[in-house]
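S.K.: Starting from these lines, generate the structure:
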Amino acid sequence: MGKRLSTGIAGLDKRLGGGLLPGTLTVVVGSSGIGKTQLGIQFADAGRLQEGRRGILFDLTSRGDSQNHADYAQRICGWTPTITELERYPDLLNFFDTHRSFGEYLGVFGYSGRRVTIRDLDAEARLEWESELARRLASSIAFFYGNFIHGVRRCVIDGVEPVDRPSESVQFELIEYVYHQILRKDSEWVARDLFREKYRVPCDGQIADLNHPESSDTPTNAVLASKYRYETSDIGCLLLQTSAETSLESLLDHPLVEGDLLSNANTIIYMGKIRDGMKFRRAIAIAKHRGSACDDEIIPYVIGESGLRLES
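M.R.: Predicted structure coming up:
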């Protein structure tokens, strides 16, 4: 396992034993407006100094309430994330060109303003959602894989809405695919899923001999996928999940549901309100940090122009 990944918040890194473990999932849970997205921006920006590339932002927001990533990123670290356009069939020609950009932000549902729980969908709406997920899958694979072959080693998944059961969430279907079939899957097999029948053809798409596409002087996508392979154990994922609970105490008492993201996460961080006399304050707590010592105290924090700052 490689060097720990900084969260971008020195006080939090210290309490995590030096940072987050690469190759694992970290879930940050808290109510809307508690500061999760700001934390995500700081984590993504920390990649600029640590790996030489900022992390990428994968936004699952679907209710029409944007998480203001661009505003936060600009204010916190002077960063304007480049936006990736959704395409059913992403351009695969010269995919490995070192000068090609795959963007830093993908809003996969485009703020469609619809519910994301299966019980709120009738049969027709359910089929429409599944069709929409399929249309966006190719863009999602291209977004992650393209950035990873160019050196990105961290990602933030934001906009996850609260549900009673993960199995009821349409969002979770895509999250499960992204985590297991992109983030944790061998990079050459991810390339196979992306290129499909074009995997063994020249990267420029020019095939002189249809019976022997590999005979071209131009390297095939398969050859380049091998050349640009990366280790999934180096990639860190920070998933930001919105909770119905607002108090930190309620979050800490929240039982883990078998099979949900919390039970599969290596690290769980809760963000919520605590009472301080006649006022409420924001505070953070590390509920789980498998394989590493961590601080078990409740730490107040403030949100300023430069993001989150722990107060003790």
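S.K.: count of neighbours near residue 262?
M.R.: Around residue 262 there are 20 other residues, counting by other CB atoms under 10 Å. Backbone N, C-alpha and C define where each C-beta goes, glycine included.
S.K.: pretty sure it is in contact with residue 28, am I right?
M.R.: No. Between residue 262 and residue 28 there is no contact under CB atoms under 8 Å: 10.8 Å.
S.K.: hang on, residue 132 in a strand?
M.R.: No. The assignment for residue 132 (DSSP: H, G, I helix; E, B strand; the rest coil) gives helix, which keeps it out of a strand.
S.K.: Any idea how many residues pack against it?
M.R.: Other residues close to residue 132 by other CB under 10 Å number 18.
S.K.: Start the count at 43 instead of 1 going forward.
M.R.: Done: numbering now begins at 43, and the last item shifts to residue 174.
S.K.: What segments of the stretch 43-192 of the chain are strands?
M.R.: 67-72, 98-101, 147-149 (DSSP state E, counting those that start in this stretch).
S.K.: try the stretch 243-354 of the chain
M.R.: Under DSSP E, counting those that start in this stretch, the stretch 243-354 of the chain gives strands at 278-284, 309-318, 321-331, 341-346, 349-352.
S.K.: between these, which one is nearest to residue 222?
M.R.: Closest to residue 222 of the strands of the stretch 243-354 of the chain, according to CB to CB: strand 278-284, at 11.2 Å.
S.K.: any idea how far that closest one is from the chain center?
M.R.: 6 Å (CA atoms, centre = their mean, to the nearest Å).
S.K.: Describe which strands that strand pairs with in its sheet and in which direction.
M.R.: strand 67-72 (parallel), strand 196-202 (parallel) (DSSP bridges).
S.K.: Please convert the ones you listed to a markdown table, extending it with mean pLDDT and distance to residue 321.
M.R.: Shown next, in a markdown table, are those (pLDDT from 0 to 100; distance: least, CB to CB, whole Å):
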| stretch | mean pLDDT | distance to residue 321 |
| --- | --- | --- |
| strand 67-72 | 95 | 18 |
| strand 196-202 | 94 | 28 |
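S.K.: low pLDDT regions in the stretch 93-242 of the chain?
M.R.: 104-109, 152-162, 208-210 (pLDDT under 70).
S.K.: would you turn the strands paired with strand 278-284 into a markdown table with mean neighbour count and distance to residue 181?
M.R.: Shown next, in a markdown table, are the strands paired with strand 278-284 (neighbours: other CB atoms under 10 Å; distance: least, CB to CB, whole Å):
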| stretch | mean neighbour count | distance to residue 181 |
| --- | --- | --- |
| strand 67-72 | 24 | 22 |
| strand 196-202 | 25 | 15 |
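S.K.: As CSV, those strands with distance to residue 169 would be great.
M.R.: Formatted as CSV, these follow (distance: least, CB to CB, whole Å):
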stretch, distance to residue 169
strand 67-72, 30
strand 196-202, 23
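S.K.: so what's residue 228 up against?
M.R.: For residue 228, the contacting residues are residue 274, by CB atoms under 8 Å, 6 or more residues apart in numbering.
S.K.: ok, 7 Å please
M.R.: Neighbouring residues of residue 228 by CB atoms under 7 Å, 6 or more residues apart in numbering: there are none.
S.K.: and the gap between it and residue 131?
M.R.: 24 Å (CB to CB, to the nearest Å).
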